[in-house]
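Asks: attaching a predicted model along with its sequence, questions to come.
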Amino acid sequence: MKKIVIITTILLSQNVTAQNGLVNTMQSPHAKLNSVGMSDVRWTKGFWAERFQVCKDSMVPHLWATYTSKDRCYAFQNFRVAAGLDTGRFRGPSFHDGDFYKTLEAVAALYASAKDKKLDAMMDDAIAVIAKAQKEDGYIYTKSIIEQKKTGRKEMFDDKLSFEAYNFGHLMTAASVHYRATGKTSLLDVAKKATDFLIHFYNTATPEQARNAICPSHYMGITEMYRTTRDKKYLDLVKKLIDIRGMSEGSDDNSDRLPFRQMKEVNGHAVRANYLFAGVADVYAETGDETLLHTLNLMWDDVVNQKMYVTGGCGALYDGLSLEGISYKPDSIQKIQQAYGKDYQLPNKTAHNETCANIGNVLWNWRMLQLTGEAKYADVMELSLYNSVLSGISMDGNKFFYTNPLAAAKDYPYDLRWSGGRSKYISKSNCCPPNTIRTIAEVNDYMYSIGEKGLYINMYGGSILNTELHDGAKITLEQVTNYPWDGKITIAVKELSTASQKIHFRIPGWCKGYSVVFNGKNKEVYKVIDGYISRDMKKGDRMELILNMPATLLESNPLVEETKNQVTVKRGPIVYCLESTDLPQQNIFNVLIPASIKLQPVPMKIDNGNVMALTGQAKIVQNSNWKNTLYKEVNTKTTPVKIKLIPYYAWANRGQTDMTVWMPFLR
C-alpha cells in the first residue's frame with residue numbers, strides 16, 4: 001500500500017473559542033447567538049455522557065471500519081480507485097462520497113473532545129487519499145472521476161438525479177469541522193479547491209445543470225466555507241444558488257418547482273427540504289435578507305404545527321403525490337418520495353421519518369435558535385434529538401434504522417422498504433448511520449450558546465463548560481443533572497474572570513411548572529423571556545433549577561385521522577411507546593389507556609443502556625381475533641393489565657418486536 005504524505009498548515013486564531021464553534025456565527029451580523037468552541041464542553045456523568053462514551057467506544061470505531069472496508073462498504077475504496085492507488089469500478093450509491101465525509105466529520109468532532117492522536121492520524125491518512133483523488137480543477141466526485149478515466153467522457157453535473165453537489169456540501173462542512181477541531185488545513189484546502197470549482201462551473205452552467213441541487217447540503221457547506229475563510233466569493237455563490245432555485249423546471253420532490261421565496265408550504269422529500277431550510281437560515285445569518293426569513297417562518301409553522309410527528313420526526317410518506325398538483329389537471333401532479341404529506345397526514349405503521357430528515361430538523365432548528373435566541377427552536381431540536389434521532393441507532397451503537405415508524409407489527413400485510421429491524425449496514429442507502437453518529441458526537445456543541453447578553457444554556461446534561469464570552473470573560477461552569485430522567489439541574493460557576501455575568505436558563509416548552517433555588521434561597525421570581533429565565537451570577541454561585549416532570553398523556557389534533565381517540569405518553573422531552581417484549585402473550589394493540597392511569601418512573605437497562613421506564617395499570621380487550629375479518633361487533637370485555645412503557649428511541653433493541661406510540665384512550 002502506498003503511503004501519501006501531505007503538508008498541513010496550522011492556522012492559529014486570535015480568539016480560539018469564537019472561531020471554533022460547530023456552526024461559526026461569531027461574525028454573522030444577523031445571528032443573535034453563537035456557538036461555544038468545539039472543545040469547550042466535556043461530558044461528565046448522565047445521559048449524554050453515556051451516549052458519548054458509546055459513540056467513542058462503539059459508534060465511531062464501527063463506522064470507520066465499515067466505511068474503510070473493501071468488501072462491505074466501498075466509500076473510501078472509491079477514493080482510492082479515483083486516486084489511482086487501486087483498481088476497480090465505482091461501487092455504491094452516488095452519495096457515497098458524502099457518507100464518507102460525514103464519517104470524517106464524526107471522527108473530527110470526537111477528536112475535538114477526546115484529543116486522541118490515533119483519531120488524528122486516521123484522518124490524516126484518509127485526507128491524503130481524498131486530496132490525491134481530487135482533479136486539478138478542484139472537481140471531486142469519485143463516481144464521475146472513475147468513469148471518466150475509463151471512458152474519457154468529461155460530463156459533470158449532467159444528471160439531475162446525481163448527488164454531486166450534495167457530496168461537495170458534506171466535504172465543505174467536514175473540512176470546516178476538521179479545521180476547527182485540529183487547526184489543520186489539509187481537508188480545508190481540498191474543500192477550497194472544490195468550492196472554487198463550483199464558482200467557475202456555475203458561471204457557465206446551463207439552467208438545467210445549475211438546478212442540480214438534490215439534497216442541498218452545499219448551501220450549509222458553502223456558507224461555512226465563507227465563515228471559515230471570510231472570502232466573500234463563497235457567500236456570493238450560495239446567494240446565487242438560492243436565487244436560481246425554481247428558475248428552471250424543477251420538482252416538488254426537490255422543493256424547487258417554485259423559487260424559494262414563493263414557497264407557501266412544505267412539500268416533497270423531507271431530507272432535501274430540511275437541508276434547504278437549514279442552508280437558507282445560514283445565508284440569512286450573513287445577509288439579513290428578510291424575504292428569506294419570511295419563507296423560513298412560513299415553513300417552520302407549517303412543519304411544526306401541521307406535519308411533524310410527536311417524536312420530532314419528519315416525512316410521513318414512503319411515496320405519494322405532491323401537494324402542488326391540481327386534481328383536475330392530472331399532468332400537474334408529481335410523484336414524491338420519502339416526503340412530507342398533506343397537513344395532518346401522519347400515519348403510524350407506514351411513517352417514513354428517515355433519520356436523516358430528523359437530523360435535518362435538528363440542523364434547521366439549531367440555526368433558527370442562533371438567529372433569534374428563541375427557545376421554541378431548542379424545544380424542537382431537543383425533541384428530535386431525544387426521540388427520532390436517537391431512535392436511528394441501537395443502544396450498543398452499531399445497528400441502525402433508516403425509517404422511524406410510530407408503530408410496527410410483525411404481521412403487517414405490506415412489505416415496507418427498510419423494515420425488519422435494525423441493521424448493521426443498510427446496503428441500499430446507508431446515509432443515516434454516519435449522519436446519526438456525527439450528530440451524537442456533536443451534541444455537546446448544542447448545549448450552550450454565547451450572546452451579547454451573556455451565556456445561554458439551551459439543553460441540560462452533566463457537563464463542564466470552559467469558554468470565553470463576548471466581552472472576553474472566561475468562565476468555567478459545571479452542570480450536574482440526571483436529565484432527562486430527572487428535572488433537577490444544578491449549575492455552579494466554578495471560575496469567572498469578571499465580577500459577574502448574566503446566564504440564561506431555558507425553560508422547556510413541555511414544562512408547566514418549575515422552581516429555582518439560588519445559593520440556598522428560593523424567594524426570587526423569574527420572568528420567562530423567549531423561553532429563558534435569567535440572572536447575574538458570580539464565581540461560587542450555585543443555581544438549582546427544578547423542572548416539574550410528570551408523565552403526561554398527549555392527544556393529537558382531531559384532523560390526524562390515524563390517532564383520533566388515542567393518546568401517547570410523554571415525560572419531559574421523552575416520548576414513550578409500548579413494546580411487545582414488555583407484554584408477552586398479549587396483543588399490544590388491544591391495550592386501552594384509562595384517563596385515571598398513574599404512571600410511575602422505574603429505572604431499567606436495555607442492552608446495558610440506562611433508561612427510565614414507566615409502569616401503570618391499563619386495560620386490555622380480550623379475544624380480539626381479526627384473522628380473515630374486516631368488520632365485527634364491538635367487544636366490550638376488558639381486563640386490567642399492568643403495562644411498562646419504554647422510551648421510543650430504545651425500542652427494537654431486544655429483537656424484532658411489535659411497537660406502538662399511540663394507544664386507544666378511555667376517557
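Replies: Structure received.

Asks: let me know the secondary structure of the nearest residue to I457 once chain neighbours are set aside.
Replies: Spatial nearest neighbour of I457, excluding adjacent residues (CB to CB, 6 or more residues apart in numbering): F505 at 5.2 Å. From N, CA and C alone the C-beta is placed, and that goes for glycine too. Secondary structure, DSSP: H, G, I helix; E, B strand; the rest coil: F505 is strand.

Asks: my guess is F505 contacts M543. True?
Replies: Yes. Using CB atoms under 8 Å, F505 is in contact with M543, at 7.3 Å.

Asks: the two: which is more packed in?
Replies: The neighbour count for F505 versus M543, taken as other CB atoms under 10 Å, is higher for F505 (24 against 21).

Asks: what sits against the more buried one?
Replies: Contacts for F505 (CB atoms under 8 Å, 6 or more residues apart in numbering) come out as 457, 491, 532-534, 543, 545.

Asks: name the element the most centrally placed residue in the chain belongs to?
Replies: Nearest residue to the geometric centre of the chain (CA atoms, centre = their mean): I359, 1.9 Å. I359 is located in helix 355-372, with elements delineated by DSSP states H and E.

Asks: what about dumping the CA coordinates of stretch 187-195 to PDB?
Replies: The C-alpha coordinates for stretch 187-195 follow below in PDB (Å, rounded to 0.1, in the frame of the first residue of the first chain):
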ATOM      1  CA  LEU A 187      -9.100  19.000   4.200                       C
ATOM      2  CA  LEU A 188      -9.900  22.600   4.100                       C
ATOM      3  CA  ASP A 189      -7.500  23.100   1.100                       C
ATOM      4  CA  VAL A 190      -9.400  20.300  -0.700                       C
ATOM      5  CA  ALA A 191     -12.700  22.000   0.100                       C
ATOM      6  CA  LYS A 192     -11.500  25.400  -1.100                       C
ATOM      7  CA  LYS A 193     -10.500  23.900  -4.500                       C
ATOM      8  CA  ALA A 194     -13.900  22.200  -4.700                       C
ATOM      9  CA  THR A 195     -15.800  25.400  -3.900                       C
END
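
Asks: give me the contact list for that stretch.
Replies: Outside stretch 187-195, the residues touching it (CB under 8 Å, 6+ apart) are 9, 104, 123, 127, 130-131, 134, 138-140, 168, 171-172, 174-176, 178-179, 221-222, 225, 228-229, 234, 237.

Asks: stretch 476-488 now?
Replies: 44-47, 386, 455, 457, 460-466, 489-496, 503, 511, 514, 544-549, 572-574, 601, 603, 612.

Asks: show me where the stretch 551-667 of the chain dips below the pLDDT cut-off.
Replies: 624 (pLDDT under 70).

Asks: the chain now?
Replies: Checking the chain against pLDDT under 70 turns up 1-19, 158-161, 207-213, 323-332, 418, 420, 624.

Asks: need the longest strand for it.
Replies: strand 609-621 (DSSP state E).

Asks: same for the following helix or strand past that strand, what does it pack against?
Replies: As assigned by DSSP H and E, the chain's next helix or strand after strand 609-621 is strand 638-647. With contacts taken as 3 or more CB pairs under 8 Å, 6 or more residues apart in numbering; DSSP states H and E, strand 638-647 sits against strand 574-579, strand 591-594, strand 600-606, strand 609-621.

Asks: so which of those is the most surrounded?
Replies: Mean neighbour count (mean count of other CB atoms under 10 Å) peaks for strand 574-579 among those, with a mean of 26.

Asks: and for Q345, nearest residue in space, chain neighbours not counted?
Replies: Closest to Q345 by CB to CB, 6+ apart is A316, at 5.4 Å.

Asks: which ones are touching that neighbour?
Replies: With CB under 8 Å, 6+ apart, A316 has these contacts: 307, 309, 339-341, 345-347, 351-353.

Asks: which single one of the contacts of F505 is nearest to S255?
Replies: Y532 (32.3 Å; CB to CB).

Asks: joint contacts of F505 and M543?
Replies: Going by CB under 8 Å, 6+ apart, residues that sit against F505 and also against M543 are I491.

Asks: do a quick rundown of the helices in the stretch 201-350 of the chain.
Replies: 207-210, 217-229, 232-244, 270-287, 290-302 (DSSP state H, counting those that start in this stretch).

Asks: give me the contact list for the third one.
Replies: Outside helix 232-244, the residues within contact range by CB under 8 Å, 6+ apart are 195, 198-199, 202, 207, 210-211, 213, 216, 218-219, 222-223, 225-226, 259-260, 279-280, 282-283, 286-287, 292.

Asks: repeat the analysis, applying 7 Å as the threshold.
Replies: 195, 198-199, 202, 210, 213, 219, 222-223, 225-226, 260, 280, 283, 286-287 (CB atoms under 7 Å, 6 or more residues apart in numbering).

Asks: drop anything exposed from the residues you listed.
Replies: With neighbours counted by 16 or more other CB atoms under 10 Å, the contacts of helix 232-244 contain buried members at 195, 198, 202, 210, 213, 219, 222-223, 225-226, 260, 280, 283, 286-287.

Asks: out of the residues you listed, who's nearest K118?
Replies: Using CB to CB, the buried ones among the contacts of helix 232-244 come closest to K118 at M225, 28.0 Å.

Asks: list the contacts for that closest one?
Replies: 172, 176, 191, 195, 234.

Asks: now with 6 Å?
Replies: 172, 195, 234 (CB atoms under 6 Å, 6 or more residues apart in numbering).

Asks: what secondary structure does the first one sit in?
Replies: Which is M172. On the basis of three-state DSSP, M172 is classed as helix.

Asks: counting neighbours, what do you get for it?
Replies: Neighbour number of M172 under other CB under 10 Å is 31.

Asks: count residues in the vicinity of the nearest residue to it once chain neighbours are set aside, would you?
Replies: Leaving aside its sequence neighbours, M172 sits nearest to G221 (CB to CB, 6+ apart; 3.0 Å). Neighbour count for G221, taken as other CB under 10 Å: 31.
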